[in-house]
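**Q** Generate coordinates for the sequence data below:
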Amino acid sequence: MGNKLEQHIAEKEFIKLWKKTTICFLTLDNWFEVVGTSACVRSDDFEEHLWEQYAYNNALDKLEELYGFAEHLKN
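**A** Numbering: from 1, shown residues only. So this is what the prediction gives:
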């Protein structure tokens, strides 16, 4: 379902907080916003591209939950 939902992403932004936390902000084509997060245990383990992907996947998971809820209401 990810690809179906990803086509509605108008903007994607990442912010690194402190030494271990990454936040992903997704803005959809209808201006709805979804936030995903990731954090590593030790700052020595922080690899920016990896933790951005985790935060992005977390945001997509939330979007899938919302989509599933909306589809359930249609039935």
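**Q** By residue count, what's the longest helix in the protein?
**A** helix 48-74 (DSSP state H).
**Q** other SSEs contacting it?
**A** Applying 3 or more Cβ pairs under 8 Å, 6 or more residues apart in numbering; DSSP states H and E, one finds that helix 48-74 contacts helix 2-6, strand 9-17, strand 21-28, strand 33-39. All C-beta atoms are positioned from the backbone trio N, CA, C, and that covers glycine.
**Q** Which strand residues bridge Leu17?
**A** Legend: beta-bridge partners of Leu17 under DSSP bridges are Thr21.
**Q** Renumber starting at 44 from here on
**A** Okay, residue one is now 44; in that scheme the one you just asked about reads as Leu60.
**Q** in the longest helix of the chain, what counts as buried?
**A** Buried residues in helix 91-117, counted by 16 or more other Cβ atoms under 10 Å: 94-95, 97-99, 101-103, 106.
**Q** highest average neighbour count across the helices and strands packed on helix 91-117?
**A** strand 64-71 (a mean of 18; mean count of other Cβ atoms under 10 Å).
**Q** for that strand, packing partners?
**A** Partner elements for strand 64-71 (3+ Cβ pairs under 8 Å, 6+ apart): strand 52-60, strand 76-82, helix 91-117.
**Q** So which other helices or strands are in contact with the helix or strand bottoming out on mean pLDDT in the chain?
**A** The weakest-scoring helix or strand in the chain, judged by mean pLDDT, DSSP states H and E, is helix 45-49 (a mean of 75). Identification of packing neighbours for helix 45-49 by 3+ Cβ pairs under 8 Å, 6+ apart yields helix 91-117.
**Q** give me that answer again for 10 Å
**A** Using 3 or more Cβ pairs under 10 Å, 6 or more residues apart in numbering; DSSP states H and E, the elements in contact with helix 45-49 are strand 64-71, helix 91-117.
**Q** would TSV of the ones you listed with mean pLDDT and distance to Ser81 be doable?
**A** Formatted as TSV, these follow (pLDDT from 0 to 100; distance: least, Cβ to Cβ, whole Å):
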stretch	mean pLDDT	distance to Ser81
strand 64-71	95	5
helix 91-117	86	4
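**Q** So which of the ones you listed is nearest Lys47?
**A** helix 91-117 (8.2 Å; Cβ to Cβ).
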